[in-house]
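Trainee: what follows is a predicted protein model with its sequence.
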Amino acid sequence: MVNKPEKPLDYLIDKLSNAPAKRVVLMGPPGSDRQQNADAMAALFGWTSLNTGEILRKELVKTSDAGKIVAESFEKNEYVPDDVVIDLVKKEIHKCEKEN
């Protein structure tokens, strides 16, 4: 079992400041402030913050095959298929890597 640090936030900041992080994924239930935390970390460390919901909404307005699948899933109030989400996120990550 991993021991919980006395000051988890200070511990996290120290670990992330001293090692080049490639990707950090924040997960949590609705209302857990994932995006606020991601934006704060991005600002603190000079990273880019990606938001899956924003990526899907951008694709929604496109006439691409993926955009049509996203629209259909949203209309049915269903999850967007994993393969579509993964492909869109990968493309966004590659775009960010090229820009940086």
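Mentor: Cool, the structure landed.
Trainee: state the helix or strand in which residue 86 lies.
Mentor: Assigning secondary structure by DSSP states H and E places residue 86 in helix 82-99.
Trainee: quick one: mean pLDDT over that helix.
Mentor: Taken as a whole, helix 82-99 has an average pLDDT of 92.
Trainee: same check, this time on stretch 20-35
Mentor: Taken as a whole, stretch 20-35 has a mean pLDDT of 84.
Trainee: do me a favour and get the end-to-end distance for it?
Mentor: With CA to CA, to the nearest Å as the measure, the ends of stretch 20-35 fall 21 Å from one another.
Trainee: can you pull the buried residues of it?
Mentor: residue 34 (16 or more other CB atoms under 10 Å). Yep, even glycine has a C-beta here, placed from its N, CA and C like the rest.
Trainee: gap between the helix holding residue 86 and the chain center?
Mentor: Distance of helix 82-99 from the chain centroid (CA atoms, centre = their mean, to the nearest Å) equals 10 Å.
Trainee: list the helices and strands that helix packs on?
Mentor: Where contact means 3 or more CB pairs under 8 Å, 6 or more residues apart in numbering; DSSP states H and E, helix 82-99 is packed against helix 52-60, helix 65-75.
Trainee: would you mind measuring from residue 72 to residue 12?
Mentor: 39 Å (CB to CB, to the nearest Å).
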